[in-house]
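Visitor: curious how this folds, go ahead:
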Amino acid sequence: MGIVMICLLGFIWALMEILTQVAAREYSLYQVVWVRYFAHLLFMLIVFIPRQGFQWMATGRLGLQVARALMMLIMPVSFILAVEYIPVNSILAIFWLSPFMMLGLSFLLLKERAPWQYWVIALFGLSCILIITRPSDFGNAAGLILAVTMGLSFSLYIVMTRMLRPEPTLTNLFYTAVGVLVPLSFKIPSVWKPLTIQGGVLMVAVGLLGFALLWVLDKAMDMISPVIAAPFFFSQMFWIIVIRLISRFL
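Guide: Below you'll find the model as predicted:
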């Protein structure tokens with residue numbers, strides 16, 4: 001069931017990324033990310049406070065919650081900065097080293113060793129990614145560092161989510177949203193563009209999909225270790241291909 005959840009996560013992630021690309025044609029990615037987490041947080045406040053009060057905001061591991069949330073800020077910011085130095089296909093090729101990073105970080109932080117079969121599956125997944133993305137330029141050191149940072153921050157978020165499994169899911173999702181919104185709010189005035197109705201609906205959809213994605217991820221990490229989950233994150237790219245193929249016939 002945990003593996004099924006990761007594959008479901010891949011589908012949600014693929015759909016969210018496609019909508020994000022559409023929104024980014026008109027708006028800064030900083031604004032798209034900010035609205036995403038604003039919608040995520042607003043949804044939680046509207047839906048869960050009337051039902052459960054404020055107790056789900058309390059945490060016994062504030063430091064880890066904040067550190068984990070910052071990984072979700074570093075990940076998109078690293079991408080936004082990296083595209084100034086190297087092509088997107090090269091960034092994605094490096095980012096998809098993240099399943100290997102998860103396997104290594106799981107050993108270092110969780111003391112969980114991956115069987116060799118998982119390394120083989122991850123290697124197969126990476127090979128498919130390289131065929132799909134066809135990376136063309138790795139010549140800029142700043143771009144390489146930023147792309148590695150993007151993958152590493154994502155991998156750390158996954159491992160930290162596993163470390164926070166004793167905490168309620170709503171608590172984890174609340175601190176993720178706050179941890180991105182607060183620091184990113186200092187950047188938003190310089191990039192903000194008034195939202196059209198279409199743009200607002202699109203970004204809110206990205207936010208709700210993002211909430212669903214992180215909820216599924218949190219539940220999956222309750223069930224299985226990142227060691228088991230890591231190779232199945234490659235399903236995201238599979239779903240992107242499927243969604244795009246279907247869209248051509250609609």
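
Visitor: next helix or strand past the top helix by length along the chain?
Guide: Longest helix in the chain, counting residues (DSSP state H): helix 197-223. Moving toward the C-terminus from helix 197-223, the next helix or strand (DSSP states H and E) is helix 226-229.

Visitor: what helices or strands is that next one leaning on?
Guide: Applying 3 or more Cβ pairs under 8 Å, 6 or more residues apart in numbering; DSSP states H and E, one finds that helix 226-229 contacts helix 2-23, helix 98-110, helix 141-163. The way it works is simple: take the backbone N, C-alpha and C, and place the C-beta from them, glycine included.

Visitor: how does it look with 10 Å?
Guide: If contacts are counted by 3 or more Cβ pairs under 10 Å, 6 or more residues apart in numbering; DSSP states H and E, helix 226-229 sits against helix 2-23, helix 98-110, helix 116-133, helix 141-163, helix 197-223.

Visitor: tell me which of those helices sits nearest to Phe79.
Guide: Of all these, it is helix 141-163 that lies closest to Phe79, at 5.3 Å by Cβ to Cβ.

Visitor: one step back: now do the buried residues in the longest helix of the chain.
Guide: 199, 202-207, 209-221 (16 or more other Cβ atoms under 10 Å).

Visitor: give me the below-cutoff pLDDT ranges for the protein.
Guide: For the chain, the stretches with pLDDT under 70 are 250.

Visitor: helices or strands up against the helix or strand harbouring Phe48?
Guide: Per DSSP H and E: Phe48 is located in helix 29-52. On a contact count with 3+ Cβ pairs under 10 Å, 6+ apart, helix 29-52 meets helix 2-23, helix 62-82, helix 169-184, helix 188-191, helix 197-223.

Visitor: can you add distance to Tyr37 and give those back as TSV?
Guide: Shown next, in TSV, are the helices and strands packed on helix 29-52 (distance: least, Cβ to Cβ, whole Å):
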stretch	distance to Tyr37
helix 2-23	12
helix 62-82	8
helix 169-184	5
helix 188-191	11
helix 197-223	7
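
Visitor: what about the residue nearest to Leu41 when sequence neighbours are not counted, neighbour count?
Guide: Leaving out its chain neighbours, the residue that sits closest to Leu41 by Cβ to Cβ, 6 or more residues apart in numbering is Ala177, at 4.0 Å. Per other Cβ atoms under 10 Å, the neighbour tally for Ala177 reads 25.

Visitor: buried residues, the helix holding Phe48. List them.
Guide: Under 16+ other Cβ under 10 Å, the buried positions of helix 29-52 are 29-41, 43-44, 48.

Visitor: what residues are up against the residue lying closest to Leu70 once chain neighbours are set aside?
Guide: Once flanking residues are discounted, Leu70 sits nearest to Gly179: 5.8 Å by Cβ to Cβ, 6+ apart. Gly179 makes contacts with 37, 65-73, as judged by Cβ atoms under 10 Å, 6 or more residues apart in numbering.
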